[in-house]
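In: pasting a predicted model and its sequence here:
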Amino acid sequence: MKRVLLAASLMTASLSASAVAPGGDSCGWGNLLFEGQSGLPSHVIASITNGTSGNATFGMTSGTNGCSANGTLTYGGKSMINMSSIMGEFSEDVARGHGDALTTVAVALNIKAEDRAVFDSVLHENFAVIFPSENVTAEDAMASVLKVMKADARLSKYAA
């Protein structure tokens, strides 16, 4: 039960995550129909129009409807993994090299079961990098976890 609650708390942030305008800022019929309008209702209806008709997807593949797949997608929201509710337990688990919070973060990062022992070990070995002081924020700890993972040959594929 404890694992389920930890996983649920980490995944909560993913409900509000969104990428910035695949295909471009003016991609799709929804953007054409609601051009010049602002506010949540206009954006939602434009997005629904683009999604239900598939015209934005068509536009990206054909280069029409104001769409292009040449740009780089960006993300301006918060991290999808929010460790703030389990920071204390997570830091203790990293210090020990095992535990439920460590497993929860591994699952949230889609680390395969066969790589989780390596994940636990690498984070344990880098405790001082991830938690350089007692005032580390959850966001800073997560950034350090990803940095440590990128430096490891086996874990780098999960931190891309």
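Out: Received the coordinates, thanks.
In: wait, what's in contact with the closest residue to Ala56 other than its chain neighbours?
Out: Counting by CB to CB, 6 or more residues apart in numbering, Gly28 is the residue found nearest to Ala56 once chain neighbours are left out, at 3.7 Å. The C-beta positions use only the backbone N, C-alpha and C, and glycine is treated the same way. Counting by CB atoms under 8 Å, 6 or more residues apart in numbering, Gly28 makes contact with Ala46, Thr49, Asn50, Asn55, Ala56, Gly59, Asn65, Gly66, Cys67.
In: can you list those residues in a markdown table and add neighbour count?
Out: Below are the contacts of Gly28 laid out as a markdown table (neighbours: other CB atoms under 10 Å):
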| residue | neighbour count |
| --- | --- |
| Ala46 | 20 |
| Thr49 | 18 |
| Asn50 | 24 |
| Asn55 | 22 |
| Ala56 | 25 |
| Gly59 | 23 |
| Asn65 | 23 |
| Gly66 | 18 |
| Cys67 | 24 |
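In: which one of those residues is nearest Glu114?
Out: Ala56 (37.9 Å; CB to CB).
In: the closest one: which element?
Out: Element membership for Ala56 (DSSP states H and E) is helix 55-62.
In: next one: that helix to chain centre, how far?
Out: 25 Å (CA atoms, centre = their mean, to the nearest Å).
In: repeat for stretch 55-70
Out: On the basis of CA atoms, centre = their mean, stretch 55-70 sits 25 Å off its chain's mean C-alpha point.
In: rewinding a little: quick check: the residue nearest to Ala56 vs Val145, distance?
Out: Distance, Gly28 to Val145, using CB to CB, to the nearest Å: 36 Å.
In: pLDDT-wise, which helix or strand of the chain ranks last?
Out: In the chain, no helix or strand scores lower on mean pLDDT, DSSP states H and E than helix 2-11, which sits at a mean of 47.
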